[in-house]
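Enquirer: The following comprises the amino acid sequence and a computationally predicted model.
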Amino acid sequence: MKSVFSEFFIDETRHRVSRTMLGEFERGAMVTAIPYGYAIDQARSTAEGRCCWCVKADEAAVVREIFARRKDGMTLQEIAAVLNSRGVPTPRQTSDGKRLYWRGSAIWRIFGNPMYKGLYLVNFGRSNSSQERNLERFMPELVLVSPDDWDAVQSMGKRSPSASESAVISSHLGQKRTYGGGKHAFSGVFRCGTCGVYLSFHPARGNSAGTLHCIQCEHASREGQPGRQPIYISVKGVRIMMRWLMQKILSKEVIAAYRERLKEKLAGGHEQSLQDARTRLHKADAARQRLARLLKDIGSEDPVLERQYLEAREDTMRLQHEVSELEQHAQAVNTDAMRRQLNIPLDAVVDAFLSDDHAPERTRAVLNRVFPSIVLRAKPGRYEAVFEIHAMRLCCIN
């Protein structure tokens, strides 16, 4: 009997705690642990009688830097090394004063939190019907990174292949998931057509510019595995090929369309789009508030009104996302930089971009976005190589 009552007490306590958290969430309170980059807003919490968060300036700057470095192509370990070299405090510190250090896993957890793009997501476990209850709330005042930057980092993953690349490459070894990186810009860009792994960069000897080859096929060939003869290609030839490809992609039509969009931004055409989005948001939020008042006045369950309220809330959240993106885009507009881009010679930009003097992680990140898949298929002759290349339909280098 004691066991039965104890089990009942535990279930009842779990239900009360979950229901209390759900009620607080519906009233606009924050009911989860505080992620890195935020802190409790003591004044607002006391005035409104619910837990409220605010942006912690120093930690928010670190979060923005982490996303920016990852978007530029740095690996998780390289980002952690940069933070550790500056002595940036970690999200958690021990009480005995022992200094902790950043790790790649901590960086990856930050990337997976949608709170940084303003989406507060709470999992309330399972209901009586065994369905997970995941509720979300968009909070534009807590946005640290733009949704585009957040999505770009998610698409990079832990250096996993893109969707189009996985469709091109098939191997009995399966998809190779690595953390990426490399000291050369072409490391982590090209794949072997035999086994599907990334080609490794071999440094130059003498007057050579270095080579790219498959280290896995090289090991397999040494062990006598048939059909795994490694292919070596010159980095100098690859650089010439990539320059030719970039010139083909940056056609006159693409450059003209890109500069036309820059002129529209300089002319202020973006303000009208922002004003229209704000007007639609105001109407949608007013409709949501009217439905909420109706549900409150009725005092009983009404499936039709509840469904309409949920649809209105989703529409309001979608418009809040749109307005937030347009506002952040307007803040990011740099008129001086855009005027310089109108007259800059793109041939010089491509040459500087593919040179060894440019940051390799940034070159690698741009190449992976422009070319979702570059696969070395064969080498018929000494000065010949066959590549299978998938490129974006339209792209421009900023």
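Expert: Yes, it's here. Residues are numbered from 1 along each chain as shown.
Enquirer: What are the boundaries of the strands in the protein?
Expert: With strands called from DSSP state E, the chain shows them at 38-40, 53-55, 119-126, 132-138, 191-192, 200-202, 211-213, 233-234, 373-378, 386-390.
Enquirer: can you tell me which of those strands comes nearest to Val323?
Expert: Ranking the strands of the chain by their distance to Val323 (criterion: CB to CB) puts strand 132-138 first, at 10.0 Å. In this view, the C-beta of every residue, glycine as well, is placed from N, C-alpha and C.
Enquirer: how about the nearest residue to Met392 once chain neighbours are set aside, what does it touch?
Expert: Distances taken as CB to CB, 6 or more residues apart in numbering place Val370 nearest to Met392, at 5.6 Å, with adjacent residues excluded. Counting by CB atoms under 8 Å, 6 or more residues apart in numbering, Val370 touches Met246, Ile249, Ala391, Met392, Cys395.
Enquirer: can you count the residues close to Arg293?
Expert: Neighbourhood size, Arg293 [other CB atoms under 10 Å]: 10.
Enquirer: In helices only, show me the contacts of Val370.
Expert: Residues from the contacts of Val370 lying in helices, with DSSP state H as the criterion: Met246, Ile249.
Enquirer: Buried among the contacts of Val370? Make that a ChimeraX selection.
Expert: Applying 16 or more other CB atoms under 10 Å to these, the buried members can be selected in ChimeraX as follows:
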select :246,249
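Enquirer: Which of the contacts of Val370 lies at the shortest distance from Ser3?
Expert: Nearest to Ser3 among the contacts of Val370: Met392, at 63.0 Å, using CB to CB.
Enquirer: Was I right to think that closest one contacts Leu367?
Expert: No: the pair Met392 and Leu367 does not pass the contact test of CB atoms under 8 Å, sitting 11.1 Å apart.
Enquirer: Quick one: neighbours of the closest residue to Asn134 other than its chain neighbours, just the number.
Expert: In space, Asn134 comes closest to Asn123 once its chain neighbours are excluded; the distance is 5.2 Å by CB to CB, 6+ apart. By the measure other CB under 10 Å, the count of residues near Asn123 is 10.
Enquirer: Might you list the low-confidence residue ranges for the stretch 101-250 of the chain?
Expert: 126-132, 158-182, 204-208 (pLDDT under 70).
Enquirer: again, 50 this time
Expert: Counting by pLDDT under 50, the stretch 101-250 of the chain contains low-confidence residues at 160-180.
Enquirer: For it, just list every one of the helices.
Expert: For the stretch 101-250 of the chain, the helices defined by DSSP state H, counting those that start in this stretch occupy 104-111, 147-156, 163-168, 215-222, 235-249.
Enquirer: List the contacts of His321.
Expert: Neighbouring residues of His321 by CB under 8 Å, 6+ apart: Gly118, Phe138, Pro147.
Enquirer: wouldn't the second one be in contact with Tyr120 here?
Expert: Yes: the pair Phe138 and Tyr120 qualifies as a contact (CB under 8 Å) at a distance of 7.5 Å.
Enquirer: which one of the two has more residues nearby?
Expert: Phe138 (20 against 17).
Enquirer: In the sheet, which residues pair with that one? Tell me.
Expert: Partner residues in beta bridges with Phe138: Leu119, with DSSP bridges as the criterion.
Enquirer: before we move on, the earlier item: do I have it right that the residue nearest to Asn134 meets Thr32?
Expert: No: using CB under 8 Å, Asn123 and Thr32 do not qualify as a contacting pair, with a distance of 9.1 Å.
Enquirer: care to break this protein down by domain?
Expert: Described in terms of the TED database, the domain architecture of the chain consists of the residue ranges 20-156, 190-249+351-390, 255-346.
Enquirer: Now do the longest one: distance to the chain's middle.
Expert: Domain 20-156 sits 14 Å away from the centroid of its parent chain (CA atoms, centre = their mean, to the nearest Å).
Enquirer: residues touching Val143, list them.
Expert: For Val143, the residues meeting the contact criterion (CB under 8 Å, 6+ apart) are Tyr116, Lys117, Gly118, Ser324, Gln328.
Enquirer: Now tabulate those in TSV and tack on distance to Asp285 and neighbour count.
Expert: Written out in TSV, the entries for the contacts of Val143 read as follows (distance: CB to CB, whole Å; neighbours: other CB atoms under 10 Å):
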residue	distance to Asp285	neighbour count
Tyr116	24	27
Lys117	20	24
Gly118	16	24
Ser324	14	21
Gln328	20	18
